[in-house]
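# quick one, structure for this:
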Amino acid sequence: MNVKNIIEVQNVNKSFGKQRALSNISLNVKEGCIYGLLGPNGAGKTTLIRIINQILSPDSGSIRIGGELLNQKHIFSIGYLPEERGLYKKMKVGEQSIYLSQLKGLNKKEAKEKLSYWFNKFEISSWWNKKVEDLSKGMAQKVQFITTILHNPKLIILDEPFSGLDPVNSQLIKKEILNLKANKTSIILSTHNMNSVEEICDEAAIINKSNKILEGKISQLKEKYIGKEWLIKYKGNQMSFSNAVWGGWKLIKHNNIYENIHLAEIELSKNLTINQFIKGVINHIEIIEILKKTPTMDDVFINSTIDE
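Alright, predicted model coming up:
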């Protein structure tokens with residue numbers, strides 16, 4: 001079954017004077033996909049997000065939303081939670097939320113009904129008449145998340161949505177993001193929190209120094225950086241394990257789990273296979289389990305940006 005693209009970015013370029021911000025960036029986000037937009041600070045992520053939101057214009061290239069060239073009406077098809085939070089401190093939470101909802105095309109009655117539902121769901125109804133300046137960073141984050149999704153946009157862009165949230169509220173927001181995905185909403189998630197990327201993203205792209213350097217499903221990105229690290233759980237003497245194979249490997253980490261049960265993390269050289277290593281140690285220790293170490297998205301991020 002073909003899944004349609006909600007957004008198609010084609011060969012987008014942007015410079016500020018002599019500073020190149022985006023170099024020929026292309027990417028597609030499918031319907032109902034959570035797409036990680038990753039990269040170091042200053043890589044170009046925020047510039048791309050601002051172009052999608054029509055805050056900036058590209059120097060060249062095109063963006064299509066639902067197959068149509070990006071235009072003003074698409075403002076109502078996108079929900080955007082910026083990293084720099086945009087709540088007015090002197091306004092009350094309720095009137096601020098209604099105001100932001102009306103900017104996205106809801107009338108006052110619709111906005112009040114929808115806000116009432118979400119404020120009850122997030123258990124924050126008591127905040128309605130509080131001033132925004134009286135909210136903590138995490139509290140303000142929850143309010144702005146609600147106003148971002150309230151108008152049921154087809155595409156939601158979240159820039160560091162877990163910033164300032166405690167673990168309980170982070171999980172609350174993640175749960176709602178997954179609910180939005182289940183309803184075929186597409187989400188672009190820009191974050192430095194690689195654990196969240198692993199937890200909820202389907203696909204991701206990494207931008208570095210204005211270029212897209214990596215893109216694919218999360219499993220594919222991790223597979224690309226599988227190295228020669230192995231986890232070996234064994235029973236026996238650590239000295240016997242360490243001396244069994246001379247050369248061709250190094251011990252990265254070693255933990256004693258229980259009495260004479262150990263867990264070793266090793267890295268093999270290019271010339272030594274895991275089978276050769278096992279042959280070397282099998283007569284000295286009892287191997288309980290061997291696992292190939294799978295890289296994390298932290299590993300992928302670090303290795304891909306260092307390679308550049």
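# drop to CA atoms for contacts and neighbour counts, all remaining ones
Fine.
# what pLDDT, on average, does stretch 194-205 get?
When pLDDT is averaged over stretch 194-205, the result is 96.
# what comes up buried for that stretch?
Going by neighbour count (16 or more other CA atoms under 10 Å), the buried part of stretch 194-205 is 194, 196, 197, 198, 200, 201, 202, 203, 204, 205.
# as CSV, those residues with secondary structure and distance to residue 58 would be great.
Formatted as CSV, the buried residues of stretch 194-205 follow (DSSP: H, G, I helix; E, B strand; the rest coil; distance: CA to CA, whole Å):
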residue, secondary structure, distance to residue 58
194, helix, 28
196, helix, 29
197, helix, 27
198, helix, 30
200, helix, 30
201, coil, 27
202, coil, 27
203, strand, 24
204, strand, 22
205, strand, 19
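# among these, which one lies nearest to residue 290?
For the buried residues of stretch 194-205, the minimum distance to residue 290 (CA to CA) is 23.3 Å, reached by residue 198.
# can you pull the pLDDT of the residue lying closest to the closest one once chain neighbours are set aside?
Here the nearest residue to residue 198 in space, its sequence neighbours aside, is residue 297; by CA to CA, 6 or more residues apart in numbering that works out to 6.5 Å. In this model, residue 297 is scored at 94, pLDDT.
# phi first, then psi, for residue 297.
Main-chain dihedrals, residue 297, degrees, to the nearest 10: phi -70, psi -30.
# what's the spacing between it and residue 122?
Relative to residue 122, residue 297 is positioned 30 Å away (CA to CA, to the nearest Å).
# quick one: the strands in the stretch 151-300 of the chain?
For the stretch 151-300 of the chain, applying DSSP state E, counting those that start in this stretch gives strands covering 155-159, 186-190, 203-208, 211-217, 229-235, 249-258, 261-268, 286-292.
# for the second one, the distance to its chain's centre please.
With CA atoms, centre = their mean, to the nearest Å as the basis, strand 186-190 stands 8 Å off its chain's centre.
# hey, C-alpha coordinates of that strand in CSV?
Extracted as CSV, the C-alpha positions of strand 186-190 are listed here (Å, rounded to 0.1, in the frame of the first residue of the first chain):
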residue,chain,number,x,y,z
SER,A,186,2.5,13.6,10.4
ILE,A,187,5.1,14.9,12.9
ILE,A,188,8.5,16.5,12.4
LEU,A,189,10.4,16.2,15.7
SER,A,190,13.5,18.3,16.1
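# thinking again about what came up before, who has more neighbours out of residue 297 and residue 122?
Taking other CA atoms under 10 Å, residue 297 and residue 122 do not tie; residue 297 has more neighbours (20 against 14).
# wait, that one touches residue 197, no?
Yes: between residue 297 and residue 197 there is a contact at 7.4 Å, judged by CA atoms under 8 Å.
# for the spatially most central residue of the chain, give me its contacts.
When CA atoms, centre = their mean is applied to the chain, the residue found nearest the centroid is residue 197 (3.4 Å). Applying CA atoms under 8 Å, 6 or more residues apart in numbering, one finds that residue 197 lies in contact with 36, 191, 297.
# done for today, thanks.
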